[in-house]
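Student: Next come a sequence and a model predicted from it.
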Amino acid sequence: MKAKVKYNSLLLIGAPGSGKGTQGKILGTIPGFFHFSSGELFRSVSAQSPVGKTFLEYSSKGLLVPDEITIQLFCSYMEKVITEGRFRPKLDYLVLDGLPRNVSQWHILSEQVEVLYVYHLHCPDRSILEARLRGRASSDHRVDDTEEVIQKRFEVYEKETKPLLELFPAERLKEIDCTKMPYQVLRQILEPLP
Ligand code: ADP
């Protein structure tokens, strides 16, 4: 992965249901912020295509899609949105929601991505997250919002994604209680930005 200009990025890290997507969507409506959601991008790929089939195979079990496919999809998507002028690497913040999702993805991405802040959307009580996901399951009809798959996604988050938090210096890491109202979480995300 080679690039002259690194993407100035804000990382949203949190368990399923912690509100990464909610915040990413809000931020994406502000000029100068570009929201990238790996889950949304995967869901937009045709289920008949090789990538779409692989996505369904893994996500329906609550597992991560292999790194190579994920990174490749990110790179081609970023190339596209840069060409279209939707993301301007020198000017815009890239809000990363769902990527990187493990340490090896970060090692590849770090060549391309400059992290300004990492926001850890943490939750004092998992049952709150579970309730949110159950609520979403009835409205969004996602294949990975069944009880068993939800538990697996929490497990994968603890084992593979949470260790990412240790890779960033304390001054870059912002702890946010994800049970606060979305506008309060948003305020904390924006607060450290110049
Ligand atoms: P959530 O954060 O609520 O679990 P997402 O929409 O971010 O949901 O992701 C849904 C699924 O998409 C994941 O369970 C996984 O299978 C796949 N996925 C998303 N991002 C990545 C990633 N960075 N690496 C590998 N798989 C991913």
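Tutor: In hand now; what should we look at? Residues are numbered from 1 along each chain as shown.
Student: Show me what stretch 30-49 is in contact with.
Tutor: If you take C-beta atoms under 8 Å, 6 or more residues apart in numbering as the criterion, stretch 30-49 is touched by 20-21, 24-25, 27-28, 51-53, 55-56, 59, 65, 70, 73-74, 77-78, 81, 86-87, 91-99, 101, 142. No exception for glycine: its C-beta is placed from N, CA and C like everyone else's.
Student: who's V115 bridged to?
Tutor: Bridge pairing for V115 (DSSP bridges) gives the partners S9.
Student: Just confirm H35 is within a helix.
Tutor: No: counting by DSSP: H, G, I helix; E, B strand; the rest coil, H35 is not found in a helix; it is strand.
Student: and the gap between the residue lying closest to it once chain neighbours are set aside and the ligand?
Tutor: What sits nearest to H35 in space, not counting adjacent residues and going by C-beta to C-beta, 6 or more residues apart in numbering, is G28, at 3.0 Å. As judged by C-beta to the nearest ligand atom, to the nearest Å, G28 and the ligand stand 15 Å apart.
Student: Residue ranges in the chain under the pLDDT threshold?
Tutor: In the predicted model, the chain carries pLDDT under 70 at residues 1-3.
Student: of all of it, which residue lies closest to the ligand?
Tutor: G39 (1.9 Å; C-beta to the nearest ligand atom).
Student: For stretch 171-185, what is the distance to the chain centroid?
Tutor: 15 Å (C-alpha atoms, centre = their mean, to the nearest Å).
Student: Go through that stretch and flag the buried ones.
Tutor: For stretch 171-185, burial by neighbour count (16 or more other C-beta atoms under 10 Å) applies to 173-174, 176, 178-179, 185.
Student: From the residues you listed, which land in helices?
Tutor: V185 (DSSP state H).
Student: Can you tell me which of the buried residues of stretch 171-185 end up in strands?
Tutor: The strands, defined by DSSP state E, take in 173-174, 176 from those.
Student: Can you tell me which of those comes closest to P192?
Tutor: K174 (6.5 Å; C-beta to C-beta).
Student: okay but that closest one is in contact with L190, surely?
Tutor: No: checked against C-beta atoms under 8 Å, the pair K174 and L190 is beyond contact range at 10.7 Å.
Student: No further questions, thank you.
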